[in-house]
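J.: prediction below, plus the sequence it came from.
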Amino acid sequence: MPSAHRTIRLRVTLQIVAALLVAASAIAWSTSHYRRYDFSRSHRFELSSQTKQTLAMLGSSVSVTVYFSPTSASTGAELYGDVLALLREYQFQARGKQGVTLEMVDPLRNPSRARELQAEHRFQGTENVVILKYGDRASVIPVPEMGEYDTAPTQYGERPRLVAFRGEQVMTSALIGLVQPASLKKTYFLQGHGEPLPGLPPMQIIGQNLKRQNIRVAPLILAGDSTIPADAALVVVCGAQVDLSPDEIASLRDYWKHGGHLMVLLDPTAATPALDAFLEEAGNIRPRNDRVIRLLNLGTATGILRDVTGEFFRGSEITSRLVGLTVLFAGNSRSLAINDQRDHPVAGQSSVTRPLIRAIHGFRGCSNFANADGKGVSFDPVKDNFFPVYLAAITDLGGVQDDRVSLGAPRMVVVGNCEFVKDKFVAGTAIDFFSSAVNTLIDRTQLTGTTPKTKEFFTLNLDELQLRVLALFVLVAVPLLAALIGTVFLWRRRS
């Protein structure tokens, strides 16, 4: 063989070997460096950051047993595919950590194992359940709880109609209880001043959200010489309609000085000078006597936008996973004046105050809000608050700026709006912010970020005329168009 051919063969061989080495290296690297994306309409298979953080806290493997008969006619049988898809996402997310093991048990095919599970976990054999085991603790989740149903068809003898899937909410709540059994925190909501209570209108959604995160809610009435209970992980003042009494302020001050955590959601329409003075004294946060509004030029008139769009800051664990998103504060909002750092006038310690949310460009704090009805509204460059307009802030007593550090130091979050947590206004990012703030204040910063959402099913409702048009298009128009195109190509080829 000529030397030139041998040289060519050697070069080709080296090129093939090099290509194989590059391909093998790329495959080996990609096995541990790849991402999954969910492009579905409702992002049904995308886990929230709270679920991911919960799986990251696993100290040992979680055993998941799906006791499910795909041929069952009971309620919840239609969730079989969604439950399996969700559990596969949990397995993938826990990959490389302690892991999630999955066991499928069909009671019709494996009756002995089915009877064993029924005796161990005490549930009826006709039920479809998901059993979570973590160490020596277990939780049994009935599958119908993972669905949201419309019961109206039952009036006509039909089965309930599935409208949404909330399996991640139920599953993550159970996992939090298993991973952190001692983290069942008790949050007290101050009552007696017109404040709503989570779980009841108009805060049912927030109440459900707190329950799914294993956060107990209790009312708190500070009457006379009452003190805040010792088991309070957090005290929330949400939308007080009347001012707090001196004794109630004294109780809050004492709780704050001894390492208490507070969240105050202000109602701008209520006059609460004592509460405002306490926030400035204790937390270096002064609620301004204004309304955050934006003037809109409507051509022949000037419109006033009261619903404020806020953007998140990066400086706290509460908002670090929400940066880039916006939150809507409906109704009236007050702006907050904050002092970044100074010696605390009560405890003699330094305190650090950081903004959490500010209004986007265009919104201003108007002190002349009494005339904010479109007649003669004007902004005072001296009294009014221009950009940046802060809507929420956090204060740490003792100068601790890392929210992940829990030293028993007092911590307070103040928001100049209370409507955003009510059922008629609460939205995805509002729930995420409220949940992140609560988890941070009760020293569970690892569970901040986006929370599991209900995955609604998309349904297409067509009337009789629309169905006829669709059938005509699919059965006649599309085949005729394909035949026409084929005829044109055939004629051009022959010509």
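T.: Yep, it's here. Numbering: from 1, shown residues only.
J.: packing partners of the longest helix seen in the chain?
T.: Among the segments of the chain that qualify as a helix by DSSP state H, the longest is helix 3-30. Helix 3-30 sits against no helix or strand, with contacts defined as 3 or more CB pairs under 8 Å, 6 or more residues apart in numbering; DSSP states H and E. Every C-beta, even on glycine, is put in place using the N, C-alpha and C of the backbone.
J.: run the chain-centre distance for it.
T.: 50 Å (CA atoms, centre = their mean, to the nearest Å).
J.: mind starting the numbering at 833 from now?
T.: Yep, numbering from 833; the last one is helix 835-862 now.
J.: counting by contacts, list what the following helix or strand past it packs against.
T.: Tracing the chain past helix 835-862, the next element assigned as helix or strand by DSSP states H and E is helix 881-888. Counting contacts by 3+ CB pairs under 8 Å, 6+ apart, helix 881-888 is packed against helix 912-925, helix 999-1011.
J.: helix or strand right after helix 881-888?
T.: Downstream of helix 881-888 (by DSSP H and E), the next one is strand 894-899.
J.: helices of the stretch 1033-1182 of the chain, start to end?
T.: Applying DSSP state H, counting those that start in this stretch to the stretch 1033-1182 of the chain gives helices spanning 1036-1044, 1078-1089, 1105-1115.
J.: in a markdown table, list the ones you listed along with mean neighbour count and distance to Val1270.
T.: Compiled in a markdown table, the helices of the stretch 1033-1182 of the chain are given as follows (neighbours: other CB atoms under 10 Å; distance: least, CB to CB, whole Å):
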| stretch | mean neighbour count | distance to Val1270 |
| --- | --- | --- |
| helix 1036-1044 | 19 | 7 |
| helix 1078-1089 | 18 | 17 |
| helix 1105-1115 | 19 | 17 |
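J.: among the ones you listed, which comes closest to Val1310?
T.: Among those, helix 1036-1044 comes nearest to Val1310, with 44.7 Å by CB to CB.
J.: now the closest one and helix 999-1011, what's the angle there?
T.: 40 degrees (axes from the mean of the first three to the mean of the last three CA atoms, to 10 degrees).
J.: which residues touch Lys884?
T.: Each residue near Lys884 by CB atoms under 8 Å, 6 or more residues apart in numbering is listed here: Gln925.
J.: how about low-confidence regions in the stretch 983-1132 of the chain?
T.: 1014-1017 (pLDDT under 70).
J.: check the stretch 1133-1282 of the chain too.
T.: Ranges of the stretch 1133-1282 of the chain meeting pLDDT under 70: 1172-1182, 1202-1209, 1230-1240, 1278-1282.
J.: so where do the strands sit in it?
T.: Taking DSSP state E, counting those that start in this stretch as the criterion, the stretch 1133-1282 of the chain carries its strands at 1134-1137, 1140-1144, 1158-1161, 1168-1170, 1173-1175, 1182-1191, 1196-1198, 1222-1229, 1243-1247.
J.: so which of the ones you listed comes closest to Leu1297?
T.: Closest among those, using CB to CB: strand 1158-1161, at 37.7 Å.
J.: paired strands for that closest one, with orientation please.
T.: Applying DSSP bridges to the sheet, strand 1158-1161 is found paired with strand 1140-1144 (antiparallel).
J.: with just CA atoms, put the partner strand into PDB.
T.: Taking C-alpha atoms only, strand 1140-1144 is exported to PDB below (Å, rounded to 0.1, in the frame of the first residue of the first chain):
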ATOM      1  CA  VAL A1140     -50.200  49.400  42.400                       C
ATOM      2  CA  THR A1141     -47.800  47.100  40.500                       C
ATOM      3  CA  GLY A1142     -44.800  46.300  42.700                       C
ATOM      4  CA  GLU A1143     -41.400  44.800  41.900                       C
ATOM      5  CA  PHE A1144     -39.200  42.700  44.200                       C
END
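J.: and the contacts of that strand?
T.: With CB under 8 Å, 6+ apart as the test, strand 1140-1144 has contacts from 1124-1126, 1151, 1154-1161, 1165, 1188-1192, 1195, 1223-1224, 1249, 1265.
J.: from the residues you listed, keep the buried residues only.
T.: Restricting those to buried positions leaves 1124-1126, 1151, 1154, 1159-1161, 1165, 1188-1191, 1195, 1223-1224, 1249, 1265, with burial counted as 16 or more other CB atoms under 10 Å.
J.: OK, contacts around Pro1119?
T.: Counting by CB under 8 Å, 6+ apart, the residues that Pro1119 touches are 1098, 1108, 1111-1112, 1166-1169, 1246, 1248.
J.: run through the bridge partners of it.
T.: Here Pro1119 sits in beta bridges with Leu1168, as judged by DSSP bridges.
J.: what pairs with the residue lying closest to Thr897 once chain neighbours are set aside across the strands?
T.: Among residues not flanking Thr897 along the chain, Ile963 sits closest, at 4.2 Å (CB to CB, 6 or more residues apart in numbering). Under DSSP bridges, the beta-bridge partners of Ile963 are Thr897, Val972.
J.: surely Ile963 touches Ala970?
T.: Yes: Ile963 lies in contact with Ala970 (CB atoms under 8 Å); the separation is 6.4 Å.
J.: so which of those two has more stuff around it?
T.: Between Ile963 and Ala970, counted using other CB atoms under 10 Å, the more crowded position is Ile963 (20 against 15).
J.: could you report the neighbour count for Ala1303?
T.: Ala1303, neighbours per other CB under 10 Å, totals 10.
J.: same thing with the one 10 residues further on?
T.: Residues lying near Leu1313 (other CB under 10 Å) number 11.
J.: where does it land in three-state SS?
T.: helix (DSSP: H, G, I helix; E, B strand; the rest coil).
J.: got phi/psi on Ser1058?
T.: Phi and psi for Ser1058, reported as degrees, to the nearest 10, are phi -60, psi 140.
J.: who's in contact with it?
T.: Ser1083.
J.: how close does it sit to Arg991?
T.: 51 Å (CB to CB, to the nearest Å).
J.: equivalent analysis for Leu1111, please.
T.: Taken as CB to CB, the span from Leu1111 to Arg991 is 53 Å.
J.: please state the offset of stretch 1140-1153 from the chain centre?
T.: That offset, for stretch 1140-1153, works out to 13 Å (CA atoms, centre = their mean).
J.: pull out the buried positions in that stretch.
T.: 1140-1145, 1147-1153.
J.: so how far is the one helix or strand Ile1317 maps to off the chain centroid?
T.: For Ile1317, the host element (DSSP H and E) is helix 1310-1326. Remark: helix 1310-1326 is offset 53 Å from the chain centroid, using CA atoms, centre = their mean.
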